[in-house]
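[1] Sequence first, then the predicted structure, then my questions.
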Amino acid sequence: MTRRVGVAERRARLMTRQLLSAPASTVEEVADALVALHATDPATVHLSAAVRLREPETVERALYLDRTLLRMLGMRRTMFVVPVALAPVVQAACADEIARKQRKLLIQHLATAELDEELGSWLAEVEEGAYRALAARGGAHAQQIADSEPRLRTEIVMAQGKPYEARGYITNRVLFLLAAQGRIVRGRPRGSWLSTQYSWATADSWLPGGIPAL
């Protein structure tokens with residue numbers, strides 16, 4: 001016999017499932033229940049957790065001290081905070097493909113830099129140089145990594161010939177690639193938790209063994 005679920009019951013079930021009527025004790029419970037916390041806007045992850053907790057608890061503790069949650073790229077090429085145990089799934093399902101597509105796009109943009117190099121090989125060398133620079137420092141911001149790997153300050157042109165043409169260094173694009181590959185992770189933001197500038201660390205130094213492959 002088919003049972004009809006009305007609007008009121010559906011909403012009540014969602015309230016329970018989303019921990020809005022029965023709050024959780026820890027931010028890890030929140031992340032587990034929701035699968036992931038959307039984090040493209042830095043404030044969203046904090047607000048999403050706060051509204052679902054019985055007592056105020058800082059997300060920073062789970063992200064940067066206990067490291068039970070991890071900020072990483074997920075579906076739609078946007079940022080999420082996920083339980084560490086789920087990171088390999090997100091990496092395989094979303095981030096690896098994001099890295100592949102963004103690397104191809106960056107190589108296209110590198111053509112505007114007029115480098116006398118095979119661009120794919122050159123970019124791979126810069127990626128390795130940036131990774132080694134970060135590993136040597138233990139943790140660093142983008143500018144500090146570029147100080148050790150000057151090729152990160154190679155300038156490219158986006159939307160060349162268009163009214164909205166823009167120029168910029170490849171620093172953040174290369175770090176984005178390394179993060180999408182699961183080789184580096186975002187650490188604490190620079191300034192308040194509303195900041196969009198993060199320190200970086202190698203995945204191996206941040207998590208025991210890094211992000212494992214599925």
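    Cool, got the structure. Numbers count the residues shown, from 1 in each chain.
[2] Okay, domains of the chain per the record?
    7-85, 89-181 (the TED database).
[3] Show me the strands in this structure, by range?
    37-38, 69-73, 79-83, 155-158, 166-169, 184-189, 198-202 (DSSP state E).
[4] max-length helix in the protein?
    When the chain is parsed with DSSP state H, its longest helix is helix 119-137.
[5] That helix vs strand 184-189, what angle?
    Going by axes from the mean of the first three to the mean of the last three Cα atoms, to 10 degrees, helix 119-137 is angled at 50 degrees with respect to strand 184-189.
[6] can you pull the contacts of the residue nearest the centre of the chain?
    Nearest to the mean C-alpha position of the chain, by Cα atoms, centre = their mean, lies Met72 at 2.8 Å. By Cβ atoms under 8 Å, 6 or more residues apart in numbering, the residues touching Met72 are 79-80, 82, 87, 90-91, 95, 179, 182, 185-186. Heads up, the C-betas are built off the backbone N, CA and C, glycines and all.
[7] so which of the residues you listed would you say is closest to Gly210?
    Proximity of the contacts of Met72 to Gly210 was ranked by Cβ to Cβ; the top entry is Gly182 with 7.1 Å.
[8] That closest one contacts Val90, doesn't it?
    No: using Cβ atoms under 8 Å, Gly182 is not in contact with Val90, being 9.3 Å away.
[9] Output the domains of the chain in TSV; the columns should cover mean pLDDT and distance to Ala201.
    Formatted as TSV, the domains of the chain follow (pLDDT from 0 to 100; distance: least, Cβ to Cβ, whole Å):
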stretch	mean pLDDT	distance to Ala201
domain 7-85	92	10
domain 89-181	96	5
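[10] would you list these in CSV and tack on distance to Leu207?
    Output for the domains of the chain, formatted as CSV (distance: least, Cβ to Cβ, whole Å):
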stretch, distance to Leu207
domain 7-85, 6
domain 89-181, 12
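[11] and the nearest residue to His46 once chain neighbours are set aside, how many neighbours does it have?
    Of all residues beyond its chain neighbours, the one nearest His46 is Val59 (5.3 Å), with distances taken as Cβ to Cβ, 6 or more residues apart in numbering. If you count neighbours by other Cβ atoms under 10 Å, Val59 ends up with 23.
[12] And Val59, how far from Asp32?
    Separation of Val59 from Asp32 (Cβ to Cβ, to the nearest Å): 14 Å.
[13] got it, and Arg153?
    Distance of Arg153 to Asp32, computed by Cβ to Cβ: 41 Å.
[14] For these two, indicate the residue with more neighbours.
    Of the pair Arg153 and Asp32, Asp32 is the one with more neighbours under other Cβ under 10 Å, namely 17 against 12.
[15] so where do the helices sit in the protein?
    Under DSSP H, the chain gives helices at 7-17, 27-34, 42-50, 59-60, 87-90, 96-110, 119-137, 142-148, 171-180, 203-206.
[16] Out of the ones you listed, which is closest to Ala213?
    Among the helices of the chain, helix 87-90 sits nearest to Ala213 (Cβ to Cβ), with 6.6 Å.
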